[in-house]
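Chemist: quick one: sequence plus predicted model below, questions after.
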Amino acid sequence: MLSHCRAVARGAKRPLLVGDLAFGTYESSPQQAIDTAVRILKEGGMDAIKLEGGAPSRISAAKHIVEAGIAVMGHVGLTPQAISVLGGFRPQGKTIHSAVKVVETALALQEVGCFSVVLECVPAAATSVLQIPTIGIGAGPFCSGQVLVYHDLLGMMQHPHHAKVTPKFCKQFAQVGEGINKALSEYKQEVENRSFPGAAYSPYRINPAEVDGFLKELQKMGLDKAAVAAAEAAENF
């Protein structure tokens with residue numbers, strides 16, 4: 001995650017950068033959570049961190065990180081790091097109890113000082129009860145902001161398996177994957193039939209006045225076959 005954060009920080013100068021705490025790096029204790037959050041900011045170049053879930057230990061972790069002087073974004077609803085507990089990638093908040101739980105969790109994160117909350121795969125309910133911004137992904141149009149995975153948004157993945165797992169809330173604004181697959185297939189074919197790179201895409205040539213001398217040097221080195229090949233290449237290109 002630090003590697004990803006550093007890569008983004010090198011190129012993105014204007015946006016607020018939020019680094020996700022990786023699974024296993026903040027659950028053990030508040031001190032572990034603080035230490036990891038500090039690394040994300042100092043080594044990763046982030047401005048804030050995000051952590052998933054609303055269990056008491058996660059609320060406590062968020063509270064301690066905020067008290068350490070680090071901005072925290074919460075994440076409720078479908079939390080990908082806990083899909084085994086949730087029973088898979090399933091929407092949350094579809095029953096009275098579940099929906100109330102989402103609202104209570106979001107309020108608890110706000111109470112401990114989170115500056116924003118991600119709402120994932122939940123009915124549009126929590127934003128109106130919060131005083132902090134919400135970022136929705138599959139959470140309806142009433143959130144403060146929206147996020148989509150850009151591979152899904154651009155239609156990059158065209159394998160039939162991906163079509164089965166693309167979220168229902170994702171609108172594909174393009175199908176660039178078709179063009180990508182076509183281009184890769186053509187590249188493979190042209191390499192195999194040796195039409196690429198060809199003369200047009202082999203721009204670097206030895207000075208014609210130096211060719212004979214180069215061939216003689218190859219022959220002196222006992223590389224007769226290489227000399228013949230080099231002569232043919234010089235003639236053809």
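Modeler: Nice, thanks for sending it over. Numbers count the residues shown, from 1 in each chain.

Chemist: what segments of the protein are strands?
Modeler: 18-20, 48-50, 71-77, 116-120, 134-137, 145-146 (DSSP state E).

Chemist: contacting residues around the last one?
Modeler: In other words, strand 145-146. Residues outside strand 145-146 that contact it (C-beta atoms under 8 Å, 6 or more residues apart in numbering) are Pro133, Thr134, Ile135, Gly136, Ile137. Just so you know, the C-beta spots here come from the backbone N, C-alpha and C atoms, and that holds for glycine as well.

Chemist: and for the closest residue to the fourth one other than its chain neighbours, the neighbour number?
Modeler: This points to Gly136. Leaving aside its sequence neighbours, Gly136 sits nearest to Cys143 (C-beta to C-beta, 6 or more residues apart in numbering; 3.2 Å). Cys143 has 19 neighbouring residues, counting by other C-beta atoms under 10 Å.

Chemist: lowest-confidence helix or strand of this structure?
Modeler: helix 83-86 (a mean of 50; mean pLDDT, DSSP states H and E).

Chemist: need the pLDDT of Lys94.
Modeler: Looking at Lys94, its pLDDT stands at 57.

Chemist: low-confidence ranges in the protein?
Modeler: 79-94, 124-125, 160-164, 237 (pLDDT under 70).

Chemist: from what I see, Val118 and Lys50 are in contact.
Modeler: Yes: with contacts counted by C-beta atoms under 8 Å, Val118 reaches Lys50, the gap being 6.9 Å.

Chemist: tell me, what's touching these two both at once?
Modeler: Taking C-beta under 8 Å, 6+ apart as the criterion, Val118 and Lys50 both touch Met73, Gly74, His75.

Chemist: would you reformat these as JSON lines and include distance to Ala7 and neighbour count?
Modeler: Putting the shared contacts of Val118 and Lys50 into JSON lines (distance: C-beta to C-beta, whole Å; neighbours: other C-beta atoms under 10 Å) gives the following:
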{"residue": "Met73", "distance to Ala7": "20", "neighbour count": "22"}
{"residue": "Gly74", "distance to Ala7": "25", "neighbour count": "27"}
{"residue": "His75", "distance to Ala7": "22", "neighbour count": "27"}
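
Chemist: just put these in CSV and tack on distance to Ser128.
Modeler: Putting the shared contacts of Val118 and Lys50 into CSV (distance: C-beta to C-beta, whole Å) gives the following:
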residue, distance to Ser128
Met73, 19
Gly74, 17
His75, 19
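
Chemist: returning to what we had before: which ones are touching the residue nearest to Gly136?
Modeler: Leu119, Ala124, Thr127, Thr134, Ile135, Gly136.

Chemist: same question for Ser57.
Modeler: Counting by C-beta under 8 Å, 6+ apart, Ser57 has contacts Glu27.

Chemist: that one and Lys216: what is the separation?
Modeler: According to C-beta to C-beta, to the nearest Å, Ser57 and Lys216 sit 76 Å apart.
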